[in-house]
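Trainee: coordinates only, sequence not included:
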């Protein structure tokens, strides 16, 4: 039996998204920049998706830019904010995705940008009081870069309040929303967000496509030079099948948001309660009301498992995120958990779910843990 519980890393392509993509992988092959009918058909498909995404997010279609991934969108936001918006300081946290942390380090090393890191709660939530103090202590033009949902633990940051604090200090606000787009409703008309990033394969869209939201009042120079695609921000012939698949997947996600949330919450609760019943020392790295329903971070005492436990999981057909492994196959704590000093002498597993996850699959996983941990 194959059990996939790593949807936060990458989710399966929705069959309806694949169906929507198929014409653009075959008979519809024109270049969207061409003026003939083949090109115009491709261009129309792109713009329809752009408008659809904007409508879902309460944005203008002119504020949506297609790119290859959330990583690229994050790089665009941070690097061009420094290049074009006179940003001299970045405020972020040590538990951001590596594409944000490494980009901030690059800007510090290569462009002498000041980088400051926020105090965090036990599970990586941003300390809003510390953010307010940092924003008030300097007159340097500042970009705040904070993810909406922490990708390993699932902790949710209050981006409404972060946006308000940034507005009060005339700071730009960038949010990596890769784990929340398609799972939470966001109305950008009511949020003070300058830049937002998303990736299709986190909400049952195809790999290799994402988008950047950029507030219309912000002007940026080209990220990629060339023929002026994406309103001159990112020149490169657009990935039409990917864009169409992403648009269809997002439309499906938002059409079924509340129903899907209830279904996934039920699955998460089943797994959590089942693991608690197996062994009382199993810990869960969350404050339930401040954590996404799509992720369950679970820590098990190392003394209860052997060095090949992650290999045994995989051999049993159970796919979960276990952090990096050493040569013996033993779990090594992630950089996030190490920074937070969370549950030392424990091994941590991230289970992440979708509507494809079934109760039968959870029972199979629980049977495995029951056998291995010896309840």
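Mentor: Received, thanks. Fair warning: this is a prediction, and the values are worked out from it, not measured in the lab. Numbering: from 1, shown residues only.
Trainee: Wait, residue 250 touches residue 53, no?
Mentor: Yes: shown here, residue 250 and residue 53 form a contact pair, counting by C-beta atoms under 8 Å, at 6.2 Å. In this view, the C-beta of every residue, glycine as well, is placed from N, C-alpha and C.
Trainee: Tell me the secondary structure of residue 296, please.
Mentor: Using DSSP: H, G, I helix; E, B strand; the rest coil, the structure places residue 296 in strand.
Trainee: Sorry, wrong one. I was asking about residue 139.
Mentor: Classified using three-state DSSP, residue 139 is coil.
Trainee: Name the surrounding residues that touch stretch 48-61.
Mentor: 47, 63-64, 66, 181, 186-190, 196, 211, 213, 216, 243-244, 246-247, 250-251, 254 (C-beta atoms under 8 Å, 6 or more residues apart in numbering).
Trainee: taking these one by one, which sit in strands?
Mentor: Under the assignment DSSP state E, the contacts of stretch 48-61 contribute 64, 66, 196, 211, 213 to strands.
Trainee: List just the nearest of those residues to residue 126.
Mentor: Each of the ones in strands among the contacts of stretch 48-61 was scored against residue 126 by C-beta to C-beta, and residue 196 proved nearest at 16.4 Å.
Trainee: which residues does the nearest residue to the closest one once chain neighbours are set aside form a beta bridge with?
Mentor: Leaving aside its sequence neighbours, residue 196 sits nearest to residue 213 (C-beta to C-beta, 6 or more residues apart in numbering; 4.0 Å). Applying DSSP bridges to residue 213 yields these beta-bridge partners: residue 64, residue 196.
Trainee: Residue 158 is in contact with residue 128, isn't it?
Mentor: Yes: Residue 158 is within contact range of residue 128, at 6.7 Å (criterion: C-beta under 8 Å).
Trainee: Spatially nearest residue to the residue minimising distance to the centre of the chain (excluding sequence neighbours)?
Mentor: Closest to where the C-alpha atoms of the chain average out (C-alpha atoms, centre = their mean) is residue 178, at 2.2 Å. Distances taken as C-beta to C-beta, 6+ apart place residue 70 nearest to residue 178, at 4.2 Å, with adjacent residues excluded.
Trainee: Would you list the phi and psi of the one you found?
Mentor: Dihedral angles of residue 70 (phi, psi; degrees, to the nearest 10) stand at phi -60, psi -40.
Trainee: Run through the strands of the protein in chain order.
Mentor: 3-4, 64-67, 89-92, 114-117, 142-145, 172-176, 195-199, 210-214, 283-284, 295-301, 318-319, 346-352.
Trainee: got a markdown table for these, with mean pLDDT and distance to residue 308 too?
Mentor: Below are the strands of the chain laid out as a markdown table (pLDDT from 0 to 100; distance: least, C-beta to C-beta, whole Å):
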| stretch | mean pLDDT | distance to residue 308 |
| --- | --- | --- |
| strand 3-4 | 97 | 19 |
| strand 64-67 | 98 | 40 |
| strand 89-92 | 98 | 37 |
| strand 114-117 | 98 | 36 |
| strand 142-145 | 98 | 38 |
| strand 172-176 | 98 | 34 |
| strand 195-199 | 98 | 32 |
| strand 210-214 | 98 | 36 |
| strand 283-284 | 96 | 22 |
| strand 295-301 | 96 | 14 |
| strand 318-319 | 96 | 14 |
| strand 346-352 | 95 | 12 |
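Trainee: Could you verify my assumption that residue 3 touches residue 366?
Mentor: No: if you go by C-beta under 8 Å, residue 3 and residue 366 don't touch, sitting 10.8 Å apart.
Trainee: Separate out the buried members of the contacts of stretch 48-61.
Mentor: 63-64, 66, 181, 186, 188, 196, 211, 213, 243-244, 246-247, 250-251, 254 (16 or more other C-beta atoms under 10 Å).
Trainee: Pick out whichever of those sits closest to residue 26.
Mentor: Using C-beta to C-beta, the buried ones among the contacts of stretch 48-61 come closest to residue 26 at residue 244, 12.4 Å.
Trainee: so what's that closest one scoring on pLDDT?
Mentor: Note on residue 244: pLDDT of 98.
Trainee: next one: residue 363
Mentor: 97.
Trainee: Show me the domain layout of this structure.
Mentor: Per automatic domain parsing, the structural domains of the chain span 3-10+257-369, 15-255.
Trainee: out of those domains, deepest packed?
Mentor: Of these, the one with the most neighbours on average (mean count of other C-beta atoms under 10 Å) is domain 15-255, at a mean of 19.
Trainee: Endpoint to endpoint, it covers what distance?
Mentor: 15 Å (C-alpha to C-alpha, to the nearest Å).
Trainee: Equivalent analysis for stretch 247-264, please.
Mentor: End-to-end distance for stretch 247-264: 22 Å, by C-alpha to C-alpha.
Trainee: what is the mean pLDDT for that stretch?
Mentor: Mean predicted confidence for stretch 247-264 is 97.
Trainee: Tell me which residues are up against that stretch.
Mentor: Here stretch 247-264 makes contact (C-beta under 8 Å, 6+ apart) with 13-14, 16-17, 19-21, 48-49, 52-53, 56, 181-183, 185, 200, 203-206, 293-294, 353-355, 357.
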